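Novice: next one to model:
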Amino acid sequence: MSGDFPAATANGAASATVIDFFGTLITPKATAATTGGAIDVAEQIVPAGFATPLHVHHREDECFYILDGVIAFRLGADTFVAQSGTFVRLPRDIPHAFRVKSATPARTIVLGLPSGLVAFYATVGAPASPGAAAVLRPVDVPRLVQVGASYGIEVLGPPPADL
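Specialist: Here you go, the predicted structure:
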């Protein structure tokens, strides 16, 4: 990671690739290629009821700015609820998970510091067309375990029952 940013970086929604990550739609806005590896930034639309398995990132901090919706988070032993306007930082090496609690999809800006998350999403997910709807689908945990290992992401178990 050089940390050197290009003079200008632009990635509008009309030209962005959309990644279907188990029904969650991820639109990268800044990646390792445009930030010298410093940060990933993506818009994320997460279907109502979607939950991640309990997992840990060993290479990056994961942050969320909640634009719409309500999301319950587990970070270590703590559980909390975040709503529109909330910023959440999930530091590396601390187990975490989340579940969308709102009846409608949640919309977030997700950050990976340093970059690596968008590449993981692209490897695990599949291309989706802009304007596609976020649809709740089961998470392929064996695929997450297999691919996650090469990205420093470790799956620890199912979504916590209290989320």
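Novice: ok, now which ones touch Ala126?
Specialist: 19-20 (C-beta atoms under 8 Å, 6 or more residues apart in numbering). The way it works is simple: take the backbone N, C-alpha and C, and place the C-beta from them, glycine included.
Novice: swap the cut-off to 7 Å and go again
Specialist: Asp20 (C-beta atoms under 7 Å, 6 or more residues apart in numbering).
Novice: what about it, distance to Arg137?
Specialist: Distance of Ala126 to Arg137, given as C-beta to C-beta, to the nearest Å: 11 Å.
Novice: mind listing the helices for this structure?
Specialist: Along the chain, the segments classed as helices by DSSP state H run 32-35, 117-124, 141-150.
Novice: quick one: those as a markdown table, columns for distance to Cys63, mean pLDDT and mean neighbour count too.
Specialist: Formatted as a markdown table, the helices of the chain follow (distance: least, C-beta to C-beta, whole Å; pLDDT from 0 to 100; neighbours: other C-beta atoms under 10 Å):
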| stretch | distance to Cys63 | mean pLDDT | mean neighbour count |
| --- | --- | --- | --- |
| helix 32-35 | 14 | 90 | 18 |
| helix 117-124 | 10 | 96 | 20 |
| helix 141-150 | 19 | 95 | 14 |
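Novice: tell me where the model's unsure across this structure.
Specialist: 1-16, 130 (pLDDT under 70).
Novice: can I get the helices of the chain in JSON lines including distance to Tyr65?
Specialist: Below are the helices of the chain laid out as JSON lines (distance: least, C-beta to C-beta, whole Å):
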{"stretch": "helix 32-35", "distance to Tyr65": "17"}
{"stretch": "helix 117-124", "distance to Tyr65": "14"}
{"stretch": "helix 141-150", "distance to Tyr65": "24"}
